[in-house]
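Q: pasted the sequence and its predicted model underneath.
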Amino acid sequence: MLKKRLEGSHGKWVEELHGGLWDYRTTPKTATGEAPYLLVYGSEAIVPTKMHVRTTVSRSTSQEENNELMALSIDLLDEKREAARLRNWSYQQDVARTYNKNVRTRTFQQGDWVLRRAEKTTGKLTPGWEGPYKVIEVRRAGAYRL
């Protein structure tokens with residue numbers, strides 16, 4: 001989102017950065033289901049232009065009632081953070097499950113010929129694999145002596 005916002009500004013990215021960060025901090029994230037601003041401060045962010053425009057909600061709430069609601073919101077902040085942490089953990093488990101679904105485990109036996117991933121490649125045209133090598137010894141799951 002930040003990249004998209006700053007993409008069209010070319011040399012004026014400094015002026016656009018504050019608005020882009022505001023967007024990022026006040027938009028609910030997929031992993032937690034909450035906006036980072038809410039998890040830090042305990043309440044939804046109010047856009048500065050809405051502070052000057054009186055709505056039916058802001059007219060019907062007195063200062064004392066607003067203070068009570070803010071105190072209650074702060075009291076419930078730990079519970080919101082814990083719920084967001086659990087949603088994030090669940091989201092990470094789903095992502096890992098989806099990723100690992102496509103992983104194919106391969107085992108090699110003594111005497112098999114294999115390729116080894118090259119440790120250093122100097123450019124995009126250099127091969128990414130070295131070999132072939134012969135498996136001399138199977139040490140443990142996934143570890144071989146070539």
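A: That came through, no problem.

Q: C-alpha from now on. contacts and neighbour counts both.
A: Noted.

Q: contact partners for Asn88?
A: Ala31, Thr32 (Cα atoms under 8 Å, 6 or more residues apart in numbering).

Q: what are the contacting residues of the helix or strand harbouring Glu68?
A: Per DSSP states H and E: Glu68 is located in helix 63-75. Residues outside helix 63-75 that contact it (Cα under 8 Å, 6+ apart): Tyr41, Gly42, Ser43.

Q: in ChimeraX, how would I select just the buried ones from these?
A: Filtering the contacts of helix 63-75 down to the buried ones (16 or more other Cα atoms under 10 Å) takes a single ChimeraX command:
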select :42
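
Q: quick one, helices of the chain?
A: Using DSSP state H, the helices found in the chain span residues 2-7, 13-26, 36-41, 48-52, 56-60, 63-75, 77-100.

Q: show the pLDDT at the residue nearest the centre of the chain.
A: By Cα atoms, centre = their mean, the chain has its centre lying nearest to Ala31, at 6.7 Å. Per-residue confidence at Ala31 stands at 89 (pLDDT).

Q: report the contact partners of it.
A: Going by Cα under 8 Å, 6+ apart, Ala31 touches Ala84, Arg87, Asn88, Tyr91, Gln92.

Q: go again using 10 Å as the cut-off
A: Contacts for Ala31 (Cα atoms under 10 Å, 6 or more residues apart in numbering) come out as Ala84, Arg85, Leu86, Arg87, Asn88, Trp89, Ser90, Tyr91, Gln92.

Q: derive a PyMOL selection command for the buried subset of these.
A: To isolate the buried members of the contacts of Ala31 in PyMOL, using 16+ other Cα under 10 Å:
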select buried, resi 84+87+88
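
Q: let me know the closest of the contacts of Ala31 to Tyr99.
A: Comparing the contacts of Ala31 against Tyr99 with Cα to Cα places Gln92 closest, at 10.5 Å.

Q: grab the nearest non-local neighbour of the closest one.
A: Excluding the flanking residues, the one nearest Gln92 by Cα to Cα, 6 or more residues apart in numbering is Ala31, at 7.6 Å.
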